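> following is a predicted model, sequence given first.
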Amino acid sequence: MITKAKILEFIIENGGSTDRVEDDTPLFSSSLLDSFTMVSLIMVIESEADITIPPEDITLDNLDSINAILAYCEKST
């Protein structure tokens, strides 16, 4: 199961600052994280949530905020 804490940990480990991150803060469209980091985040999500994210689901709608990630994982399990 992926958690908000795990996502925040990932953001910190990848150069983001959590003092600027709220649950709806855009992670990628705001350039807080870059597209290379998205690949790593997808790997973490898949591992932690025990899901496989198909290529067609790799969108900003599903991955651009903590809330979006958690909602996507919830509906994918």
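Right, received. Where do you want to start?
> hey, let's count contacts and neighbours off CA atoms from now on
Fine.
> how about Asp23, secondary structure?
coil (DSSP: H, G, I helix; E, B strand; the rest coil).
> again with the one 4 residues further on
On the three-state scheme (three-state DSSP), Leu27 is labelled coil.
> now do the one 5 residues further on
Using three-state DSSP as the criterion, the local structure at Leu32 reads coil.
> tell me the buried residues in the host helix or strand of Glu48?
Glu48 belongs to helix 35-49 when assigned by DSSP states H and E. Residues of helix 35-49 classed as buried: 37-38, 41-42, 44-46, 49 (neighbour count, 16 or more other C-alpha atoms under 10 Å).
> can you redo these as CSV with pLDDT?
Converted to CSV, those look like this (pLDDT from 0 to 100):
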residue, pLDDT
Thr37, 94
Met38, 95
Leu41, 97
Ile42, 97
Val44, 97
Ile45, 97
Glu46, 97
Ala49, 95
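> rewinding a little: following element in sequence after the helix holding Glu48, please.
helix 60-63.
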